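Enquirer: Take a look and give me a structure for this.
(one chain, ligands or ions: 1)
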Amino acid sequence: MTAKILDGKALGQKLRAGFRQRAEALAAQGTRPGLSVILVGDDAASRVYVRNKVNACAQTCFHSEQHIYPADVEVSAVLAKIAELNADPKIHGILVQLPLPRRFDAGTVLEAIAPAKDVDGFRAENVGALIQGQPCFIPCTPYGVMKFFEDAGIPLKGQEAVVVGRSNIVGKPMAMLLMHAGATVTVCHSQTRDLQAHCRRADILIAAVGKTGLITGAMIKPGAAVIDVGINRLADGKLCGDVDFASAREVAAFITPVPGGVGPMTITMLLANTLESAERAASA
Ligand code: NDP
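Expert: Numbers count the residues shown, from 1 in each chain. You can find the predicted model right below:
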């Protein structure tokens with residue numbers, strides 16, 4: 001079997017065309033969706049992610065702004081900027097690009113964002129609401145993964161889903177969304193005893209670790225849907241995921257590539273959350 005590729009660029013473009021129409025309709029009534037991105041430090045990968053987000057806003061008729069600070073900026077200056085953006089009616093979504101420099105407590109910074117503008121969905125209220133099935137904003141990466149299943153008609157009810165990785169921003173919310181969709185979910189992490197045995201049972205396998213080649217074709221159940229969230233940079237500068245694509249695509253029924261899979265969908269769902277926030281603000 002050669003897996004069908006789930007193309008995040010194509011799906012993202014399709015969804016963004018609809019967002020653009022909604023954004024234009026909203027702008028005609030006086031509200032242009034606005035996203036503000038805060039970047040601290042000069043991490044090269046973070047700069048690329050921020051640029052991609054700002055470009056996506058421009059293509060979708062959103063207002064966007066970036067606030068870039070040197071790594072040694074006072075924490076209070078960043079918190080003051082967030083307070084200013086919380087009160088700015090032009091801004092419907094605030095995103096702090098992670099990781100922050102070590103001396104920042106990321107939790108404190110994220111909690112400073114007004115819940116109604118927390119378009120990354122990382123605040124504790126959002127996470128709690130997600131567990132209860134009533135999120136204000138669904139975290140963008142897992143939200144984008146769910147769109148792949150919806151678009152490709154991949155069933156989740158009653159399926160065995162294995163999520164590898166238990167971070168607050170990907171693994172945990174991913175597991176929660178799959179559980180809400182009716183899958184039976186196993187979450188694996190660095191202490192898991194037999195990763196291969198768990199993965200081999202998965203109808204739905206999500207890799208969100210950050211380790212090149214962690215998941216090989218031999219670990220995949222024939223006919224599974226494999227979603228590779230991982231982003232790793234090889235010595236030659238090329239990007240790859242956590243899944244060994246060449247061997248996995250011979251076993252899986254569906255697979256996402258890296259790049260061009262989950263990455264573009266994460267940005268697409270950031271636009272979705274920002275648009276939703278703007279629509280809520282306009283109708284308030
Ligand atoms: P974290 O580093 O926060 O979490 C990694 C998780 O992987 C941890 O739960 C860790 O376990 C687990 N892990 C580490 N080693 C193993 C192992 N050998 N076997 C099983 N599990 C293991 O990363 P993130 O969740 O933030 O990101 C994961 C990956 O996804 C990264 O490559 C990141 O760049 C990428 N990413 C991609 C996005 C996209 O848009 N495509 C968006 C966000 C992230 P433990 O908890 O025990 O330490």
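
Enquirer: what residues does the stretch 51-200 of the chain put near the ligand?
Expert: 141, 164-167, 169-171, 188-192, 195 (CB under 6 Å from any ligand atom). (Glycine included, C-beta is placed from N, CA and C.)

Enquirer: Least confident of those?
Expert: Among those, residue 169 has the lowest pLDDT, at 93.

Enquirer: my guess is that residue meets residue 122, correct?
Expert: Yes: the pair residue 169 and residue 122 qualifies as a contact (CB atoms under 8 Å) at a distance of 6.3 Å.

Enquirer: which non-adjacent residue is nearest residue 52?
Expert: residue 267 (5.9 Å; CB to CB, 6 or more residues apart in numbering).

Enquirer: before we move on, back to that, redo the residues of the stretch 51-200 of the chain next to the ligand as JSON lines? Include secondary structure and neighbour count.
Expert: Shown next, in JSON lines, are these (DSSP: H, G, I helix; E, B strand; the rest coil; neighbours: other CB atoms under 10 Å):
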{"residue": "141", "secondary structure": "helix", "neighbour count": "24"}
{"residue": "164", "secondary structure": "strand", "neighbour count": "29"}
{"residue": "165", "secondary structure": "coil", "neighbour count": "24"}
{"residue": "166", "secondary structure": "coil", "neighbour count": "18"}
{"residue": "167", "secondary structure": "coil", "neighbour count": "15"}
{"residue": "169", "secondary structure": "coil", "neighbour count": "19"}
{"residue": "170", "secondary structure": "coil", "neighbour count": "25"}
{"residue": "171", "secondary structure": "helix", "neighbour count": "23"}
{"residue": "188", "secondary structure": "strand", "neighbour count": "23"}
{"residue": "189", "secondary structure": "coil", "neighbour count": "13"}
{"residue": "190", "secondary structure": "coil", "neighbour count": "10"}
{"residue": "191", "secondary structure": "coil", "neighbour count": "6"}
{"residue": "192", "secondary structure": "coil", "neighbour count": "16"}
{"residue": "195", "secondary structure": "helix", "neighbour count": "17"}
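
Enquirer: Tabulate those residues (CSV), appending distance to residue 128.
Expert: Converted to CSV, those look like this (distance: CB to CB, whole Å):
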residue, distance to residue 128
141, 19
164, 24
165, 21
166, 17
167, 17
169, 15
170, 18
171, 17
188, 24
189, 21
190, 25
191, 25
192, 26
195, 29
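
Enquirer: And those, which two are furthest apart?
Expert: 141 and 191 (22.6 Å; CB to CB).

Enquirer: circling back to that earlier point, now list whatever residues contact both of residue 169 and residue 122.
Expert: Contact with both residue 169 and residue 122 is made by residues residue 139, according to CB atoms under 8 Å, 6 or more residues apart in numbering.
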